[in-house]
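**Student:** whatever this is, show me its structure:
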Amino acid sequence: MNVLAFDIETIPDVEAGRQLYGLQGLSDEDTARAMFQQRRQETGGSEFLPLHLHRVVAISIALRRGEDFKVWSVGTPEAGEGELIGRFFEGIEKFTPDIVSWNGGGFDLPVLHYRALRHGIAAPRYWEVGETDTGFRYNNYLSRFHWRHTDLMDVLAGFQVRASAPLDEIAQLCGLPGKLGMHGSKVWEAFLTGQIGRIRDYCETDSLNTYLIHLRFELMRGRLDRQRYRDECTRVRDTLSHADKGHLLEFLAAWSVEFDRAAGA
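**Tutor:** Now for the predicted structure:
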């Protein structure tokens, strides 16, 4: 297996807000507040900013490669956005993993596209569609119906927006912890108070939820049999049990045995 499940966390791009909306002279907090107000006026109520106005502050990965499984956040807590995104695409360039997300096609990847464009980040392997490598013609990262990127939310909803479900609820229904004391709507507040470590921890647990739902999906579509599914779950449990990180141990403790039992484990 060579599977990379990922998640990103974002905050308002206040620098872009000042540039596009003439908000020079305001603090970051006041600039974001003005951006949210502008968005409410545009949408009639929602504060959720357009994707190109999101700034990436964390990218977390759950990677199954060879015989290993690993969970981490890209770069250091102090790393800038360009470095985080550059490292993410460097990993794809080097290893060409199958990537897995929850709503990655609707949010994470478009955000990364816009931000990579802004920072001038090259990612030729990711953008390959068969012009140089014919193996990507019928299986690439960009096509909605190819498997090199699996947006689990999109696939499980039958590609119907009205059938989409949130990661947190599906994770809990499957016996996984879901979100542990944090939510995407709280990321900006946490960032303002200097809690980038907490944001990265939260992002890592979301990548874990995504990867473990992916295992269940692979069982459902017959790419894993029950024994191999149990083995893969055990591999993740073993990795978490040896982790010297409180949030990963908390995730392990909250991981219900019902997740395994539902598959006959």
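
**Student:** helix/strand/coil for R55?
**Tutor:** Under DSSP: H, G, I helix; E, B strand; the rest coil, R55 falls in the strand class.

**Student:** correction: the previous question concerned S185.
**Tutor:** Three-state call for S185 (three-state DSSP): helix.

**Student:** tally of neighbours for it?
**Tutor:** By the criterion of other C-beta atoms under 10 Å, S185 has 9 neighbours. All C-beta atoms are positioned from the backbone trio N, CA, C, and that covers glycine.

**Student:** all the helices of the stretch 51-200 of the chain, residue numbers only.
**Tutor:** Remark: helices assigned in the stretch 51-200 of the chain by DSSP state H, counting those that start in this stretch are 81-95, 109-119, 124-127, 152-156, 167-173, 187-192, 196-220.

**Student:** the closest residue to V74 other than its chain neighbours: what's it in contact with?
**Tutor:** Once flanking residues are discounted, V74 sits nearest to I59: 4.4 Å by C-beta to C-beta, 6 or more residues apart in numbering. Contact analysis of I59 by C-beta atoms under 8 Å, 6 or more residues apart in numbering lists 6-8, 73-75, 84-85, 87-88, 203.

**Student:** can I get those in JSON lines including pLDDT, neighbour count and distance to H214?
**Tutor:** Output for the contacts of I59, formatted as JSON lines (pLDDT from 0 to 100; neighbours: other C-beta atoms under 10 Å; distance: C-beta to C-beta, whole Å):
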{"residue": "F6", "pLDDT": "98", "neighbour count": "27", "distance to H214": "11"}
{"residue": "D7", "pLDDT": "98", "neighbour count": "28", "distance to H214": "12"}
{"residue": "I8", "pLDDT": "98", "neighbour count": "26", "distance to H214": "17"}
{"residue": "S73", "pLDDT": "98", "neighbour count": "23", "distance to H214": "19"}
{"residue": "V74", "pLDDT": "98", "neighbour count": "22", "distance to H214": "19"}
{"residue": "G75", "pLDDT": "96", "neighbour count": "18", "distance to H214": "24"}
{"residue": "L84", "pLDDT": "98", "neighbour count": "21", "distance to H214": "22"}
{"residue": "I85", "pLDDT": "98", "neighbour count": "25", "distance to H214": "23"}
{"residue": "R87", "pLDDT": "98", "neighbour count": "15", "distance to H214": "22"}
{"residue": "F88", "pLDDT": "98", "neighbour count": "24", "distance to H214": "18"}
{"residue": "C203", "pLDDT": "97", "neighbour count": "24", "distance to H214": "17"}
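
**Student:** how about those residues in CSV, adding distance to L224?
**Tutor:** Below are those laid out as CSV (distance: C-beta to C-beta, whole Å):
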residue, distance to L224
F6, 20
D7, 22
I8, 27
S73, 27
V74, 27
G75, 32
L84, 31
I85, 31
R87, 29
F88, 26
C203, 26
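
**Student:** closest one of these to A116?
**Tutor:** Comparing the contacts of I59 against A116 with C-beta to C-beta places I85 closest, at 5.3 Å.
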